[in-house]
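Engineer: following is a predicted model, sequence given first.
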Amino acid sequence: MKFYVLTLFPEMIEQCLANSITGRAMEQGKIALEAVNIRDYTLDKHKKVDDYPYGGGAGMVMQAQPIYDAYRAVIEKIGHPCPVIYMTPQGKTFKQEMAKDFAEYEELILLCGHYEGVDERVLEEIVTHEVSIGDYVLTGGELPAMVVIDTISRLVPGVLHNDDSANTESFENGLLEYPQYSRPEVWNDKAVPPILLSGDHAKVDAWRLEQSIARTKVKRPDLYQEFIDKQ
Ligand code: 6GU
């Protein structure tokens, strides 16, 4: 799986994802990341990538040409069409199910906007999916792109090792994760639930499912209702 990110802040993307599990996955060649600096493609002699909005108003608009040329360069390299995900609060809200669908592709292009927006004409020309990460406004699409890349990466076979996989079940079955405990057995006068020390795997599994259901009901009644409706 290779992620191409069209951005004005390539270091932000590269430095963040170089850590932890995504960093290890890149070192191992399980995923690849190329942050493409949109500014490298401007034809403007002052390297400008934005201009005033037609019709007036606050802020600047990212111009079509550098974004389109950056996109064309990536497509030529890949050699075939591929999804272009525009990170925007106007997009469809990102969910685990959406991540699973995107994880099926060999390549994904993510476009990060900035300033007050992006010239609509280039969006019409290249964007296949618009994705938001929630109902709040960020200064740019970089953090959302990293959220999307992180979520998709852990679904790529081999990215999670057995040690990391313990938590793969959250949302997988539409429920929240059960509580976890590690050593010591007693901490601050609080004991680990005895069933987890019993060695009876069937009982442990049953207890965890029960806990997952109970906490989903309390913390996320919306998810709980969906879970019940599916049974
Ligand atoms: Cl994808 N972009 C921006 N700028 N703000 C957001 C967002 C995306 N998702 C939620 N807020």
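Structural biologist: Arrived safely.

Engineer: domain map for the protein?
Structural biologist: Domain assignment of the chain by automatic domain parsing yields the ranges 2-153, 168-230.

Engineer: and the end-to-end length of the first one?
Structural biologist: Spelled out, that is domain 2-153. From its first residue to its last, domain 2-153 covers 10 Å (CA to CA, to the nearest Å).

Engineer: kindly provide the distance from the residue nearest to Leu197 when sequence neighbours are not counted to the ligand.
Structural biologist: Sequence neighbours aside, Glu185 is the residue nearest to Leu197 in space, at 7.1 Å (criterion: CB to CB, 6 or more residues apart in numbering). Quick note: C-beta positions are derived from backbone N, CA and C, even for glycine. In this view, Glu185 and the ligand are 42 Å apart by CB to the nearest ligand atom, to the nearest Å.

Engineer: also Leu196?
Structural biologist: In this view, Leu196 and the ligand are 38 Å apart by CB to the nearest ligand atom.

Engineer: spit out the contact partners of that residue.
Structural biologist: By CB atoms under 8 Å, 6 or more residues apart in numbering, the contact list for Leu196 reads Tyr181, Val204, Trp207.

Engineer: please redo it, this time with the cut-off set to 10 Å
Structural biologist: Contacts for Leu196 were tallied using CB atoms under 10 Å, 6 or more residues apart in numbering; they are Pro179, Gln180, Tyr181, Glu185, Lys203, Val204, Trp207, Arg208.

Engineer: excluding sequence neighbours, find me the nearest residue to the last one.
Structural biologist: In other words, Arg208. Take Arg208 and drop its neighbours on the chain: the residue closest to it by CB to CB, 6+ apart is Tyr178, 4.0 Å away.

Engineer: contacts only, for the one you found.
Structural biologist: Under the criterion of CB under 10 Å, 6+ apart, the neighbours of Tyr178 are 167, 169-170, 204-205, 207-216.

Engineer: let me know the secondary structure of it.
Structural biologist: The three-state assignment at Tyr178 reads coil, by DSSP: H, G, I helix; E, B strand; the rest coil.

Engineer: once you drop chain neighbours, what's closest to Ile31?
Structural biologist: Spatial nearest neighbour of Ile31, excluding adjacent residues (CB to CB, 6+ apart): Ala25 at 4.6 Å.

Engineer: how much space separates the residue lying farthest from the centre of the chain from Glu104?
Structural biologist: Distance from the centre of the chain peaks at Asp189, with 38.9 Å (CA atoms, centre = their mean). In this structure, Asp189 lies at 49 Å from Glu104, with CB to CB, to the nearest Å as the measure.

Engineer: residues from this structure in reach of the ligand?
Structural biologist: Within the chain, the positions adjacent to the ligand are 87-89, 91, 131-134, 136-138, 140-141, 144 by CB under 6 Å from any ligand atom.

Engineer: can I have the buried ones of the residues you listed as a ChimeraX selection?
Structural biologist: Here is the ChimeraX selection string for the buried members of the residues of the chain next to the ligand, based on 16 or more other CB atoms under 10 Å:
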select :87,88,89,91,131,132,133,140,141,144
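
Engineer: using TSV, please lay out the residues of the chain next to the ligand together with secondary structure and pLDDT.
Structural biologist: Formatted as TSV, these follow (DSSP: H, G, I helix; E, B strand; the rest coil; pLDDT from 0 to 100):
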residue	secondary structure	pLDDT
Met87	strand	98
Thr88	strand	97
Pro89	strand	96
Gly91	strand	98
Val131	strand	98
Ser132	strand	98
Ile133	coil	98
Gly134	coil	98
Tyr136	coil	96
Val137	coil	93
Leu138	coil	96
Gly140	coil	97
Gly141	coil	98
Pro144	helix	98
